[in-house]
Structure formats: structure tokens, C-alpha cells
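> Generate coordinates for the sequence data below:
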Amino acid sequence: MEQQQRFLTMRDGQQIFVRTFEPEHVIGHVHILHGMGEHSGRYEEFAKMLCAEGYYVSMHDHRGHGHTAQGTYGHFADERGFHHVVVDVLEVLLILRKTVTAPLTLFGHSMGSFIARRFIQLYSDQITACIICGTGVTSATHLAGNQLANTLAKAQGKQIASPLMNSLSFGSFNKAFSDTTTEFDWLSRDIDEVQKYIEDEMCGFIPSHQFYADLTEGLLLIHRKDEMARTRTDLPVLFISGSHDPVGNFGKGVFKVAKRMVEVGMENVTVHLFEEMRHEILNEKNKQHVHDVVLRWLKNVENKL
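Residues are numbered from 1 along each chain as shown. So this is what the prediction gives:
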């Protein structure tokens, strides 16, 4: 297994930090999009597992996250931030695909799932399959949140951290659980994994007003049926989530998104909920079960190529 870390330059000059894991014999390619307030390094165990199975694995830190942020966390861009992070995925993959041509699966977790969902609306011809992990559905609160975030950005500054938006976005997630000891217990039942998140200096920061304006704008966009209908209908899509994940409204939101995809004509949509798991199913107790389901699905997709 060969590991590499490097920066790739996007068309607008942005430097994007990329990690890759290459097996001796490549049978497929998985590109991972991490979630909000974290970074690609937290997926190293999952990446190594996939690599051991023959998958070339790549992942990058989004703008305002991880090493790409260069210490300035939680801000995509002053304008069109959600658009930029989606296009970054395409540009990173186009560079990597010059040397890796195996069937490509895009894997997106949480915020990364929203980016992946926009990616397949625009560029589904670029990939073989897509795995949507820990996603959710939009609601009227996202429209109100978008209006509030834009107001705050104009009044206080686009790059100013937004504790109000942060509280409105995540403040209720812990309330569903009675055994919480930290504000991040909604992430996982594994207290050691939660503690790792808390102690990671590149995790748990408060994003900017403009970040929330961009993210909510993206959420509203990806849930429009006319945009969902842009995805090629034969793309295999797997939804995976914890049944106790508040982001996906404890499974209900996940099934709503999957149903909407089917309604616009998508022919190969699968949902797998993992009982009692919370938001970060890759950092949960019995995560091996998640690994097994993902590998089985990937093999099934490959067998049908």
C-alpha cells in the first residue's frame, strides 16, 4: 500500500490538500468527501480497509477545512462557495484520473453527501457509482436559515464566525439522547471516537456566516426535483445512515431523499440503515458491519459492469 499527500491547484488558484492510498493491484477507485467541521484524515482507517481490498482511495480537504484551510477554518469563499466545493471535486478527480482509470465510486458523508448529491446532478457521467452517507432532507427551516445567514453576512461580515447559525444547525441534535456527556455525543455511541473529535484541532470549529449561507443555498438547490432529474438514471446509488442519526431525522429524511430520486426516474437506489448507530457510522461501535455492507455493494456494482 502506497500513501501520498499533496496539494493540487484548482483553476482559480485554490490549493486543495489530497490524500491517496494505492494498492498493489487496483480493482476500483473510491473518492471520499468528508463532512463539515472535520477533515479527510478522519477517514484513514476506512481508506486503508478499502485499499486492502484492492481499491485506490483518494480524498481531499474541502475549502475551509483540514490542511486546505491553512489554519483559517470554516469559510468556503466570499461568493459561490457551494459551487466552488462541488467543482473542486470534479477538478481533483480529473487530475487523479490521468493515472487511475478504474471504475470510480464517489463516497460523501454528511456535508460531503450534499456535495456528492450536487456532483451527481451535474457530472454523473464522470463516475460509476455513488454512496451517500449520513445525509438529510431539506425543510422550511433551511430557507429561513439561508435568509438569516445572508443577513448576518451582509451586516457583520462574510468571514465572521457564526455561533448563532451554528447553534441553530446543531443545537438540537444532542437532545434526542439521554446519555450525553459532551455536546458531540450525537456523532457516535463510541465515547473514544467522540473524544478524538473533540481533541482534534481541525474539528468542531464554528463556520462563517457566508459558509452557512452557501451551505443552505446548496441544500435548497439539491432537493429541487428538476435538479435531481439531471442525474443519469442508471447510476447506482447507495444510501447508508444510522437509524439514530439526527441529521437524517432518524432514517425518515434518508428515505425521503431516496424516494425523490426514484420519483425522478433513477433506477438503482438502495437504502441501508444501521440499527442504533448515530451520525458517524464509520466511527461507530460495530463499524465492521458498515465496512461489510459497503464492500458487498461495491462488489455487486462491479459484477454488473
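
> Please, which helix or strand holds residue 259?
helix 252-263 (DSSP states H and E).

> What segments of this protein are strands?
2-9, 15-22, 28-33, 55-60, 104-109, 129-133, 237-242, 269-274 (DSSP state E).

> of all those strands, which lies closest to residue 210?
strand 15-22 (19.0 Å; Cβ to Cβ). The way it works is simple: take the backbone N, C-alpha and C, and place the C-beta from them, glycine included.

> Who are the packing partners of the closest one?
With contacts taken as 3 or more Cβ pairs under 8 Å, 6 or more residues apart in numbering; DSSP states H and E, strand 15-22 sits against strand 2-9, helix 44-52, strand 55-60, helix 81-96.

> Please identify the most buried of the ones you listed.
Highest mean neighbour count among the helices and strands packed on strand 15-22 (mean count of other Cβ atoms under 10 Å): strand 55-60, with a mean of 25.

> and the angle from it to helix 81-96?
140 degrees (axes from the mean of the first three to the mean of the last three Cα atoms, to 10 degrees).

> Now do strand 55-60: everything it contacts.
Strand 55-60 is touched from outside by 8, 16-23, 26-34, 40, 43, 47, 50-51, 68, 88-89, 92-93, 96, 100, 102, 298, with contacts defined as Cβ atoms under 8 Å, 6 or more residues apart in numbering.

> go with 6 Å
16, 18-22, 26, 28-32, 40, 43, 47, 50-51, 92, 96, 100 (Cβ atoms under 6 Å, 6 or more residues apart in numbering).

> now swap in stretch 230-247 and tell me
Outside stretch 230-247, the residues that reach it (Cβ under 6 Å, 6+ apart) are 120-121, 124, 129-134, 136, 173, 176, 186, 248, 251, 254, 258, 265-279, 281, 297, 301.

> do the same with stretch 205-213
37, 73-76, 149-150, 152-153, 158-163, 165-166.

> returning to what we had before: would CSV of the strands of the chain with mean pLDDT and distance to residue 192 be doable?
Output for the strands of the chain, formatted as CSV (pLDDT from 0 to 100; distance: least, Cβ to Cβ, whole Å):
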stretch, mean pLDDT, distance to residue 192
strand 2-9, 96, 24
strand 15-22, 98, 23
strand 28-33, 98, 22
strand 55-60, 98, 22
strand 104-109, 98, 19
strand 129-133, 98, 21
strand 237-242, 98, 17
strand 269-274, 98, 19
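
> Reformat the ones you listed as JSON lines; add distance to residue 229.
Shown next, in JSON lines, are these (distance: least, Cβ to Cβ, whole Å):
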{"stretch": "strand 2-9", "distance to residue 229": "31"}
{"stretch": "strand 15-22", "distance to residue 229": "30"}
{"stretch": "strand 28-33", "distance to residue 229": "22"}
{"stretch": "strand 55-60", "distance to residue 229": "28"}
{"stretch": "strand 104-109", "distance to residue 229": "19"}
{"stretch": "strand 129-133", "distance to residue 229": "16"}
{"stretch": "strand 237-242", "distance to residue 229": "14"}
{"stretch": "strand 269-274", "distance to residue 229": "14"}
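
> If you go by neighbour count, which of the contacts of stretch 205-213 are buried?
Among the contacts of stretch 205-213, those classed as buried by 16 or more other Cβ atoms under 10 Å are 37, 73-76, 149-150, 152-153, 158-159, 161-162, 165-166.
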